[in-house]
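Student: okay, here's the prediction I keep looking at, along with the sequence it came from:
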Amino acid sequence: MKYHHASLVAVVIFLSTSLSWGAPLTLQECVQKARDNNPTLKSAAWESKIARENVRQASSADFPRIDAQAGYSMQLEPQAVIISGRTVETQEPDFAFAGLSLGYTIYDFGRRNSRKEQAGTVANASGKSLESRQSDVALQVIETYFGILETGKLIIAATEEVTQVVEHKRVAQVLFDEGVTTRNDLLQAEVRLAASRQKLLALQNRRENIWLLLNFLTGGKAEFRADLDENAVITQNAEPLPNVNFNLADRTDILALRLGVETREFEVTESRVNFFPELFTRLALDYVQNDKVREQAVMSATIGIKFNIFDGYASTSAREKAILNRSKSLDALRLAEEQASLEVNTARNDVAVSKERIAVTEAAIRQSEENLRINSERYKERVGTATEVLDAQTLVTQTKTDYHRAFYDHQTAAARLQRALGKL
């Protein structure tokens, strides 16, 4: 039974491992997972929902307001009047009361409409801000995805270096045993092998950390792992991405800031109409329990005008504040537009340069591999030195590292360019 139980545990572990590593995970799937499960986007989505409710709240001014009240009052002595020297009570000492009123603002010189327009633009701006955050998260996912692929390539190169150093150490051991070389060659190989293994461990740890980041961005479990699509690319080397036209209207963050400026304009309008009166109507039904009067329930209809005479300069301060906020939003919009242009130009340069780096490093890999072959043969023939072999091995690893970094720098630069162009 113990062996049977252990077998079941082994099967469960194997299946869970197979499920986590067996299913290939594409770049598009990662981006979609982030849009659905990213904790930052989930938190930001509430802002858009709250903004839509603010629109409903502002629109409530289009409807009349209905209020009801009821209560019971107890007085020490009832109110009374003196008539011909006699005191006559006009109210009961303890009484119940109730009231129902309906009020509606007929005209307020645009204050109500300004609030509605302001709430509407804020809701639209929140939606555009959410889309902008989605693009930012998508860019983070793409960079992280390519970071895992790049680190995987570097791990392969580092593993090859370890294998090469191990082989060189074997050759150095043979030559040392034959008395052809000194122990210095063997010690040098052992030191280089330790350094290569440390580099490999550091790269493996780096890949694990990047996986943790990808799982956080996509809302997955920290222990989740999968095979990534090695053919995933944003752009092929031949595509002329840097020549794509740039339109600020494609940037959702710019659109959100423009809507923010419109919101400030409505705030300024609202602050101005605070100096104007309001026309209102009111229907009311008030009941007061009082047996000493004929009418205990009073119905009334009112039409009137109200305006503020002095509020301690609160309205003036609100207007100045609205004007300053509008100026601040305009400056923020101009700054964002300039930064967007800078992002586009920088990303275009990065795409072009990384593309050239790919071509350069491809040729360097072939040259470094040939250099390693020649130096390895020279060392075996005892006409070369161990230092030359180890340097050649390091050079091969470095050129492969440069190539993989150039390739994935090209992909991430292309993704940043699409984000800067508002197309991600």
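Tutor: Okay, I see it. The structure displayed is predicted, hence computed values, not measured ones.
Student: skipping adjacent residues, who's closest to residue 116 in space?
Tutor: residue 58 (4.7 Å; Cβ to Cβ, 6 or more residues apart in numbering). For every residue, glycine as well, the C-beta is placed using N, CA and C.
Student: in which helix or strand would I find the one you found?
Tutor: helix 39-59 (DSSP states H and E).
Student: residue nearest the centroid of this structure?
Tutor: Centroid-nearest residue in the chain, with Cα atoms, centre = their mean: residue 133, separated by 4.0 Å.
Student: so who does that one touch?
Tutor: 40, 41, 44 (Cβ atoms under 8 Å, 6 or more residues apart in numbering).
Student: as JSON lines, those with neighbour count and pLDDT would be great.
Tutor: Converted to JSON lines, the contacts of residue 133 look like this (neighbours: other Cβ atoms under 10 Å; pLDDT from 0 to 100):
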{"residue": "40", "neighbour count": "16", "pLDDT": "91"}
{"residue": "41", "neighbour count": "19", "pLDDT": "93"}
{"residue": "44", "neighbour count": "17", "pLDDT": "89"}
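Student: continuing past the host helix or strand of residue 368, what's the next helix or strand?
Tutor: Counting by DSSP H and E, the element that carries residue 368 is helix 314-380. Sequence order places helix 386-420 as the next helix or strand after helix 314-380, per DSSP H and E.
Student: stretch 215-226 spans what distance, first to last residue?
Tutor: Using Cα to Cα, to the nearest Å, the end-to-end distance of stretch 215-226 comes out at 11 Å.
Student: on that earlier part again, any idea how far residue 253 is from the residue nearest to the centre of the chain?
Tutor: 9 Å (Cβ to Cβ, to the nearest Å).
Student: then residue 304?
Tutor: 47 Å.
Student: of these two, who's got more company?
Tutor: residue 253 (18 against 11; other Cβ atoms under 10 Å).
Student: against which helices or strands is the longest strand along the chain packed?
Tutor: Ordering each strand of the chain by length in residues (DSSP state E) puts strand 94-107 first. Helices and strands touching strand 94-107, as assessed by 3 or more Cβ pairs under 8 Å, 6 or more residues apart in numbering; DSSP states H and E, comprise strand 65-74, strand 278-288.
Student: adding distance to residue 310, write these out as CSV.
Tutor: Formatted as CSV, those follow (distance: least, Cβ to Cβ, whole Å):
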stretch, distance to residue 310
strand 65-74, 26
strand 278-288, 16
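Student: tell me the one of the contacts of residue 133 nearest residue 163?
Tutor: Within the contacts of residue 133, proximity to residue 163 (Cβ to Cβ) peaks at residue 40, which comes in at 42.0 Å.
Student: residues touching the closest one, list them.
Tutor: With Cβ under 8 Å, 6+ apart, residue 40 has these contacts: 133, 137.
Student: distance check, it against residue 25.
Tutor: Taken as Cβ to Cβ, the span from residue 40 to residue 25 is 20 Å.
Student: please apply the same query to residue 191.
Tutor: 39 Å.
Student: which of those two has more neighbours?
Tutor: residue 25 (20 against 12).
Student: burial count for the residue nearest to the more buried one when sequence neighbours are not counted?
Tutor: Spatial nearest neighbour of residue 25, excluding adjacent residues (Cβ to Cβ, 6+ apart): residue 226 at 4.0 Å. Other residues near residue 226 come to 19 when the count uses other Cβ under 10 Å.
Student: for residue 226, phi and psi?
Tutor: Note on residue 226: backbone dihedrals following degrees, to the nearest 10 are phi -160, psi 160.
Student: now swap in residue 295 and tell me
Tutor: According to degrees, to the nearest 10, residue 295 has phi -110, psi 110.
Student: wait, is residue 299 part of a strand?
Tutor: Yes: assignment of residue 299 by DSSP: H, G, I helix; E, B strand; the rest coil places it within a strand.
Student: isn't it right up against residue 284?
Tutor: Yes: contact criterion Cβ atoms under 8 Å: residue 299 and residue 284 qualify, at 7.2 Å.
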